[in-house]
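K.L.:
Make a model of this:
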Amino acid sequence: MMFNWLSLVTGLFYIVLGVVVIIYKFFFTVLEPAIAYAMGAVLILYGIFRIYRAISRIKDSGNEK
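P.N.:
Just a heads-up that it's a prediction; the model follows:
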């Protein structure tokens with residue numbers, strides 16, 4: 001159960017990281033704008049996926065009890 005909540009927090013972290021990469025165009029090194037937008041979009045999408053998966057697992061674990 002704790003893993004599901006941790007996955008939810010991790011998803012939020014990925015979304016914030018994606019927004020930061022898009023705004024500052026920096027991820028361990030200065031990025032070209034096109035690469036920053038693409039990388040930021042991938043991070044945001046992955047964060048949304050993690051949150052969706054965590055919510056669905058939390059709902060499923062609630063139905064089992």
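K.L.:
burial count for F26?
P.N.:
11 (other Cβ atoms under 10 Å). Backbone N, C-alpha and C define where each C-beta goes, glycine included.
K.L.:
Same check on V21?
P.N.:
Neighbours around V21, by other Cβ under 10 Å: 22.
K.L.:
Which residue is the nearest non-sequential neighbour of it?
P.N.:
G40 (4.2 Å; Cβ to Cβ, 6 or more residues apart in numbering).
K.L.:
Angles on the backbone of that neighbour, please.
P.N.:
phi -60, psi -40 (degrees, to the nearest 10).
K.L.:
where does this protein have low pLDDT?
P.N.:
64-65 (pLDDT under 70).
K.L.:
Which stretches in it count as helices?
P.N.:
2-24, 33-64 (DSSP state H).
K.L.:
Quick check: the gap between D60 and Y46.
P.N.:
Using Cβ to Cβ, to the nearest Å, we find D60 at a distance of 21 Å from Y46.
K.L.:
do the same with M2
P.N.:
Taken as Cβ to Cβ, the span from M2 to Y46 is 21 Å.
K.L.:
The two: which is more packed in?
P.N.:
Neighbours were counted for M2 and for Y46 using other Cβ under 10 Å; Y46 has more, 16 against 6.
K.L.:
Could you pull up the residues touching the residue nearest to the more buried one when sequence neighbours are not counted?
P.N.:
On the basis of Cβ to Cβ, 6+ apart, the spatially nearest residue to Y46 that is not a chain neighbour turns out to be Y14, at 5.3 Å. By Cβ atoms under 8 Å, 6 or more residues apart in numbering, the contact set of Y14 is L43, I44, Y46, G47, R50.
K.L.:
got the contact list for the nearest residue to A36 once chain neighbours are set aside?
P.N.:
Nearest residue to A36 in three dimensions, chain neighbours excluded: K25, at 4.0 Å (Cβ to Cβ, 6+ apart). Contact analysis of K25 by Cβ under 8 Å, 6+ apart lists L31, E32, P33, A36.
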